[in-house]
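Asker: Here is my input, please return the structure:
(2 chains)
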There are 2 protein chains.
Amino acid sequence: MKSLIIKKLLALLLLTNAAFAADPLPSWNETPAKKTIIVFVERVTKKGSPDFVPVAERIATFDNDGCLWAEQPLYFQLFFAIDRVKALAPQHPEWKEKEPFASLLKGDVKGALAGGEHSIIEIVMGTHAGMTSEEFEKIVKNWIATAKHPKTGRLYTEMVYQPMLELLVYLRTNGFKTFIVSGGGVEFLRPWTEKVYGIPPEQVIGSSIKTKYEMRDGKPVLVRLPEANFINDKAGKPVGINRHIGRRPIAAFGNSDGDLQMLQWTAAGGGARFCLYVHHTDAGREWAYDRKSSIGRLDKGLDEAKAKGWTVVDMKKDWKIIYPFEKG
Amino acid sequence: MKSLIIKKLLALLLLTNAAFAADPLPSWNETPAKKTIIVFVERVTKKGSPDFVPVAERIATFDNDGCLWAEQPLYFQLFFAIDRVKALAPQHPEWKEKEPFASLLKGDVKGALAGGEHSIIEIVMGTHAGMTSEEFEKIVKNWIATAKHPKTGRLYTEMVYQPMLELLVYLRTNGFKTFIVSGGGVEFLRPWTEKVYGIPPEQVIGSSIKTKYEMRDGKPVLVRLPEANFINDKAGKPVGINRHIGRRPIAAFGNSDGDLQMLQWTAAGGGARFCLYVHHTDAGREWAYDRKSSIGRLDKGLDEAKAKGWTVVDMKKDWKIIYPFEKG
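Answerer: Numbering: from 1, shown residues only, chains lettered A, B, ... in the order given. Have a look, this model is predicted:
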């Protein structure tokens, strides 16, 4: 009796939804990319379809930098780190003489990053460790609410891709659980991903530094240590996905060679699979870069996408608008 | 228009549910423990309550060994490891001479474990690494479906606590997201927790060994390496919770000193909080042990629970039945 009534009400609810359904991806042009997405979602969600996937297994993973928001001229988390170096400089007089901090404080970002990965690690450890997780969360929340992008003058969270926001909602409406799988710091992402992408903290996977549980004045805290814990990039992405989600995604979305292993891992599962690369082709509305870019390089991935028939989004052709603020 | 119709239908659905509501915890005696649970859940879920917690923040974490299923005379994962030593022995002739394997193969479990933590690590690495994650999943699934407990002769998954199963459902019915936070291996738990506890893989946090992504015959695999990655026990539990969930639980459930930091971390958050210890007091129906047990020791935790007013479940007094098979 009870379950019958509930079933009838649920059926009504679904009908009500369907009756009002409009284009779920209004910022996507009517090009093949859009169609491949919709065809895939229908294949895996339609009852009786040979490719039907139960709701619990509808896992979709998204890279963040260059896939959900922009990443030029530098990863946005690096802008955050640079701002933190400036804010923390008075407490670190030694930085005036010490690279990469000295160059940064003189405004020479290029010089500071000349040391490559080593410089980046120095900057991250110098700015992302030494406080509690709660303190770090407040710092991120404050920065993300106020800092402006050097080119657009917009908040960084305004520089998310409207077509991808629609895609996230479309997938969730169809029973998918959406995850972020980013090379960025997990505690840099979590304070704002729920509000901006509708993705809760527990569905964000990222790089991390070690933390230590300790008592301070009888109150437990987690202290962030200047030591890498896990780099969630390249071959680290499938490792992070397995460690965190424990099942293989059926759909994965990226934009660079750093996402290639995530897409390979996703594609190698049984049943229907969907892999998509966002290709940055729009120098006018966003940026155009791929095989030779030091940020978000897409080289091997582009070849593999073509060879395997993955969907490659041409931002210039496939997207009506890039950012939500273009909606006018 | 659309949202109004949906709201009305949802309201009807909720009313229908309420009309049919029965005792959500039928295996709990009408003792204070049961009441503290229900009072807490009502406090945080009732609209307009000063302690109301939005659904997204209703995070509840559960230890597994000794909290959701039994753990005597040995952690069940150790029985698994011992069975694996026997199964793998033909491929490891050197084990006949090498401790702790030699003792295990002679049936001397006590002797094998005499080396303490070091012996356990040897046994785990010798049996849990060297295969792909997919292969390991199959091994666990096969074992959990067939292996029997030495005392009860039951499948290990029959030795879960019926009152805790009801508690999991009760919390989820009230909008909680339930997580396992176990010292056990995450890839040992995930193959069966969804079926047994209704907890999906992505809500299981546990200890882990390192894995490596590699290509084998053009197919990507994750290979399990004989190297510890993370020990999710004691002070590791809040670290694991923060790393995986990224928000603090509002309710936490454990049974040993290994859960103490998880309960402290949970209790230290703002607003209404609930911490519960399962105290093993029933030598007849289960086992009775606490301050001096080498498995599941509850000593400091028992003192802190009393000092802080946490709920302590007396299994003998508070639970009508222990295992689902007692329902008859």
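Asker: what about A:A145, neighbour count?
Answerer: 12 (other CB atoms under 10 Å in any protein chain shown). C-beta here means a position set from N, CA and C on the backbone, and glycine is covered the same way.
Asker: Test of understanding: give the bridge partners of the closest residue to it other than its chain neighbours.
Answerer: Spatial nearest neighbour of A:A145, excluding adjacent residues (CB to CB, 6 or more residues apart in numbering or on different chains): A:L155 at 7.5 Å. Going by DSSP bridges, A:L155 is paired in beta bridges with A:K148.
Asker: Surely A:L155 touches A:W143?
Answerer: No - in this structure, A:L155 is not within contact of A:W143 by CB atoms under 8 Å, at 10.2 Å.
Asker: More neighbours: which of these two?
Answerer: A:W143 (19 against 15).
Asker: I'd like the distance between the more buried one and A:T127.
Answerer: Distance, A:W143 to A:T127, by CB to CB, to the nearest Å: 11 Å.
Asker: now swap in A:L104 and tell me
Answerer: For A:L104, the distance to A:T127 - CB to CB - is 10 Å.
Asker: For those two, list the residues in contact with both.
Answerer: Common contacts of A:L104 and A:T127, defined by CB atoms under 8 Å, 6 or more residues apart in numbering or on different chains, comprise A:V85.
Asker: residues contacting the closest residue to A:K219 other than its chain neighbours?
Answerer: Spatial nearest neighbour of A:K219, excluding adjacent residues (CB to CB, 6+ apart): B:A268 at 5.8 Å. Contact analysis of B:A268 by CB under 8 Å, 6+ apart lists A:219-220, B:248.
Asker: quick one on the thing from earlier: which residues are in contact with the residue nearest to A:A145?
Answerer: Per CB under 8 Å, 6+ apart, neighbours of A:L155: A:144-149.
Asker: Identify the farthest-apart pair in those.
Answerer: Spatial extent of the contacts of A:L155 (CB to CB) is set by the pair A:A145 and A:H149 at 13.7 Å.
Asker: if we can go back for a sec, most neighbours among the contacts of B:A268, please name it.
Answerer: Ranking those using other CB under 10 Å puts B:R248 first, with 22 neighbours.
Asker: where's it, which helix or strand?
Answerer: Here B:R248, judged by DSSP states H and E, is contained in no helix and no strand.
Asker: My guess is it contacts B:L263. True?
Answerer: No - using CB under 8 Å, B:R248 is not in contact with B:L263, being 11.8 Å away.
Asker: Phi first, then psi, for the residue in the stretch 51-200 of chain A positioned nearest to chain B.
Answerer: Closest contact between the stretch 51-200 of chain A and chain B, by CB to the nearest CB, is at A:R190 (4.5 Å). Main-chain torsions, A:R190, degrees, to the nearest 10: phi -60, psi -30.
Asker: need the contact list for it.
Answerer: Neighbours of A:R190 in contact, by CB under 8 Å, 6+ apart: A:137, A:201, A:204, B:246.
Asker: Which one of these sits in the busiest neighbourhood?
Answerer: Those, ranked by neighbours (other CB under 10 Å): first place A:V204, 25 neighbours.
Asker: Tell me the secondary structure at the nearest residue to that one once chain neighbours are set aside.
Answerer: Leaving aside its sequence neighbours, A:V204 sits nearest to A:I180 (CB to CB, 6+ apart; 4.7 Å). Three-state call for A:I180 (DSSP: H, G, I helix; E, B strand; the rest coil): strand.
Asker: thought A:I180 was touching A:L68?
Answerer: Yes - between A:I180 and A:L68 there is a contact under CB under 8 Å: 7.3 Å.
Asker: Common neighbours of the two, please.
Answerer: A:62, A:197.
Asker: Test my guess that A:P24 contacts A:T173.
Answerer: Yes - counting by CB under 8 Å, A:P24 touches A:T173, with 7.0 Å between them.
Asker: neighbour count winner among those two?
Answerer: Just comparing A:P24 and A:T173: by other CB under 10 Å the higher neighbour count belongs to A:P24, 17 against 13.
Asker: List the buried residues for the helix or strand containing A:I37?
Answerer: Following DSSP H and E, one finds A:I37 within helix A:32-45. By 16 or more other CB atoms under 10 Å in any protein chain shown, the buried positions in helix A:32-45 come out as A:33-34, A:36-37, A:40-41, A:43-45.
Asker: cool, stretch A:270-278 as well?
Answerer: A:272-278.
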